[in-house]
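Asks: sequence unknown, structure follows:
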């Protein structure tokens, strides 16, 4: 702290300063103190609410955690993780999350991209459409989950009415939320409906960045709209598509509120996903150690999958350039 | 020439047809929610379902607001969301200013820790956070939600604002230093006013995030009178399974501030983008 070397690049150390400054503290020391005064209040709270629990989460997952005051929580090493690998319900929960991810991610990306392409032009009412498509995104998960529960209700539900009485494709009302795969259909439908506006907005922003001259040049060369999209716009969208894909996959594995409110993992744990199962272990059975282990397994899996996607995307991009 | 114009009209017509179809599909559930909230209780289970209620009534709204505590929940949510927004924007802008304008040992590490926090899924922390809240005596407390909401959201705003502060030219700071302005004056009278659009963006994200927050409140709040709107709505539905009209009336009451903020946000975003006057 006592060094007198002037630091560069900060206003605090520019040679313009009054003669009244105390010589005891160097410019660098004063900058450090001033900077820390700004940072400490926020950082302290952040460290308490995020940093400390992050470390605790790992430690709890290595214990047989007892919530009763005074009770000892013995260290049990990796036992919670071993138990997780032999838990058929958790296995089913991961499969359900993967199914949800596979059902919602490609659909959201394709519809989102399609809507973005449709909106990528001077069009009366463009803002209105954009705001409308984005409305489900800003509406709370709680409200839309209850709404879809109502739409997919067995008796008097709109979806059943439409399928039975209008389209006549099924003979009797479907018990959507009472069986594993039909419930996954309803939950996935909600996921797509709520998320499509988000990918639309991101793709639209990327499309706006495609230089107009390129389109004009391609049009002069006789390329139709379809070919212009494939050869001019698509290469520009590549990076955006990878980002959207990775974020949607992360979001897909972390599906929680919609499942909690629409089926609560039931019937008989058939529709559990990792986070609802973790929540149940922690806050219904008070098994905090096992719950933490599930959280870590999910986080680890998501990290590996998104890392893999990133690596694959970069590799194929390099291959294309070579 | 004429064939080309006709073709362009054809393309525009198809474009509109597809957009309108998508808009209908996306808006229909909302429309049905609105219509259900306007139906009297006896008509809720009518079959076949009707989109336009035959005898619309605002009974559900009156009942939800007065008899079923949703007025109270609305105030609870407003208090928590406003306090969280104020706290987050203040602490994040200070942190961001510290990171953007000063050099000191360990700064890179501290900022790195803030960035890492952006990637931690919040649900990973819910168990240790619950234990922390228990140890701090913040369970079942409405003000007790605020430090957890601020702590969870402060990293994102810090990240956003640091980038914005770094774009403010250093010459402005120097001029103010010559005039005798200390670090706090430069932060409060220079950086903050110049960053109003970015601060607004942070405020909006934080407000929406805490207004809609569900899992944490569900986990720590027990007392019925301390519920926020999301848990109020979800738990009310759990108790009165078929009172869909009331549930949706309460939901729409909860959605109004979100839509207001969202529409204002649209405008603010545009001002924020166009007021890049600084860059000269």
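Replies: Thanks, I have it. Quantities reported herein were computed from a predicted structural model and do not represent experimental measurements. Numbers count the residues shown, from 1 in each chain, chains lettered A, B, ... in the order given.
Asks: So the residue nearest to the spatial centre of chain A, which state does it fall into?
Replies: The structure's chain A has its C-alpha centroid closest to residue A:251; by C-alpha atoms, centre = their mean the separation is 2.9 Å. Following DSSP: H, G, I helix; E, B strand; the rest coil, residue A:251 is assigned to helix.
Asks: Skipping its backbone neighbours, what lies nearest it in space?
Replies: The shortest distance from residue A:251 to any non-neighbouring residue, by C-beta to C-beta, 6 or more residues apart in numbering or on different chains, is to residue A:195 (7.5 Å). For every residue, glycine as well, the C-beta is placed using N, CA and C.
Asks: So in chain B, where's the weakest helix or strand by average pLDDT?
Replies: helix B:244-274 (a mean of 74; mean pLDDT, DSSP states H and E).
Asks: give the contact list for residue A:227.
Replies: Going by C-beta atoms under 8 Å, 6 or more residues apart in numbering or on different chains, residue A:227 touches residue A:218.
Asks: Check what pLDDT it gets.
Replies: Note for residue A:227: predicted pLDDT of 81.
Asks: and it, what helix or strand is that in?
Replies: Residue A:227 is located in helix A:225-228, with elements delineated by DSSP states H and E.
Asks: buried ones in that helix?
Replies: By neighbour count on 16 or more other C-beta atoms under 10 Å in any protein chain shown, the buried set for helix A:225-228 is residue A:228.
Asks: show me where the stretch 151-280 of chain B has helices.
Replies: Remark: helices assigned in the stretch 151-280 of chain B by DSSP state H, counting those that start in this stretch are B:170-178, B:183-186, B:192-194, B:196-211, B:215-220, B:229-239, B:244-274.
Asks: Can you tell me which of those helices is nearest to residue A:95?
Replies: Nearest to residue A:95 among the helices of the stretch 151-280 of chain B is helix B:215-220; the distance by C-beta to C-beta comes to 23.0 Å.
Asks: Need the mean per-residue confidence for that closest one.
Replies: 94.
Asks: Is chain A within reach of it?
Replies: Yes: judged by C-beta under 8 Å from any C-beta of the partner chain, helix B:215-220 comes into contact with chain A through B:215, B:219.
Asks: Can you verify residue B:104 is assigned to a helix?
Replies: No: Residue B:104 sits outside any helix when classified using three-state DSSP, being coil.
Asks: what about the chain, any weak spots by pLDDT?
Replies: Defaulting to chain A. Within chain A, the segments meeting pLDDT under 70 span A:1-25, A:317-322.
Asks: You answered for a different chain; I wanted chain B.
Replies: Using pLDDT under 70, the flagged stretches of chain B are B:1-8, B:42-47, B:266-280.
Asks: ok and the one helix or strand residue B:84 maps to relative to helix B:196-211, angle-wise?
Replies: Assigned by DSSP H and E, residue B:84 falls within helix B:70-101. Per axes from the mean of the first three to the mean of the last three C-alpha atoms, to 10 degrees, the angle that helix B:70-101 makes with helix B:196-211 is 140 degrees.
Asks: Now do the helices in chain A.
Replies: A:27-46, A:52-61, A:79-85, A:88-119, A:126-138, A:141-151, A:158-161, A:180-208, A:212-220, A:225-228, A:234-253, A:257-262, A:274-283, A:288-321 (DSSP state H).
Asks: With respect to residue B:24, which of those helices lies nearest?
Replies: Taking C-beta to C-beta, helix A:126-138 is the member of those nearest to residue B:24, at 9.8 Å.
Asks: Just checking the closest one against chain B, any contact.
Replies: Yes: Helix A:126-138 lies within reach of chain B by C-beta under 8 Å from any C-beta, at A:127, A:129, A:131-136, A:138.
Asks: Need the contact partners of that helix.
Replies: By C-beta under 8 Å, 6+ apart, helix A:126-138 touches A:115, A:119, A:123, A:144, A:193-198, A:200-201, A:204, B:19, B:22-23, B:26-27, B:30, B:208, B:258-259, B:262-263, B:266.
Asks: Give me the buried entries from the residues you listed.
Replies: By neighbour count, with 16+ other C-beta under 10 Å, the contacts of helix A:126-138 hold A:115, A:119, A:144, A:193-198, A:200-201, A:204, B:19, B:22-23, B:26, B:30, B:208, B:258, B:262 as buried.
Asks: Identify the residue spatially nearest to the residue of the stretch 151-280 of chain B found nearest chain A, adjacent ones excluded.
Replies: Closest to chain A within the stretch 151-280 of chain B is residue B:151: 2.6 Å, counting by C-beta to the nearest C-beta. Nearest non-adjacent residue to residue B:151, counting by C-beta to C-beta, 6+ apart: residue A:49, 2.6 Å away.
Asks: re the thing from before, any idea how far residue B:164 is from the residue of the stretch 151-280 of chain B closest to chain A?
Replies: Using C-beta to C-beta, to the nearest Å, residue B:151 is found at 22 Å from residue B:164.
Asks: Thank you kindly, that will do.
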